[in-house]
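*Asks:* for reference, the sequence and a predicted model appear below.
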Amino acid sequence: GGGGLEGDDAMLGMLGGDFVRQLGGGGDGLGESEKRKKKLHKALRQIEELKAKKAQGLALEKTQESKIEREEELLEQLAALEAEAQGGS
């Protein structure tokens, strides 16, 4: 026989989902918007780098071009999150 590993793997897979839920389910909206802000900051940093490359005359891929095009949209999202964090409502 000796198929013991499979059972363990299945067990881990099941546990994995629960762990993810426990880690992600903070219940407080702050953590969620903080995460989104971090993502936006990261994306905007990448856009800055891409724009620098473009300025140097390097050819960008379609996906990179479309990232740059979304900069304004990302900045707006970030501004909205910042306003939310200030408790502007």
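*Replies:* Here it is on my side, so go on. Numbering: from 1, shown residues only.
*Asks:* low-confidence stretches in this structure?
*Replies:* Applying pLDDT under 70 to the chain picks out residues 1-30, 88-89.
*Asks:* mind running it again at 80?
*Replies:* 1-31, 85, 87-89 (pLDDT under 80).
*Asks:* how about the helix or strand containing E48: buried residues?
*Replies:* For E48, the host element (DSSP states H and E) is helix 29-55. Using 16 or more other C-beta atoms under 10 Å as the test for burial, helix 29-55 gives K37, L40, A43, L44, I47, L50. No exception for glycine: its C-beta is placed from N, CA and C like everyone else's.
*Asks:* for those, give me JSON lines that also has distance to L60.
*Replies:* Below are the buried residues of helix 29-55 laid out as JSON lines (distance: C-beta to C-beta, whole Å):
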{"residue": "K37", "distance to L60": "26"}
{"residue": "L40", "distance to L60": "20"}
{"residue": "A43", "distance to L60": "15"}
{"residue": "L44", "distance to L60": "16"}
{"residue": "I47", "distance to L60": "11"}
{"residue": "L50", "distance to L60": "6"}
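*Asks:* neighbours of E73, how many?
*Replies:* By other C-beta atoms under 10 Å, 9 other residues sit near E73.
*Asks:* other residues contacting the host helix or strand of it?
*Replies:* If you go by DSSP H and E, E73 is part of helix 71-86. Helix 71-86 is contacted from outside by L30, S33, R36, K37, L40, H41, A43, L44, I47, using C-beta atoms under 8 Å, 6 or more residues apart in numbering.
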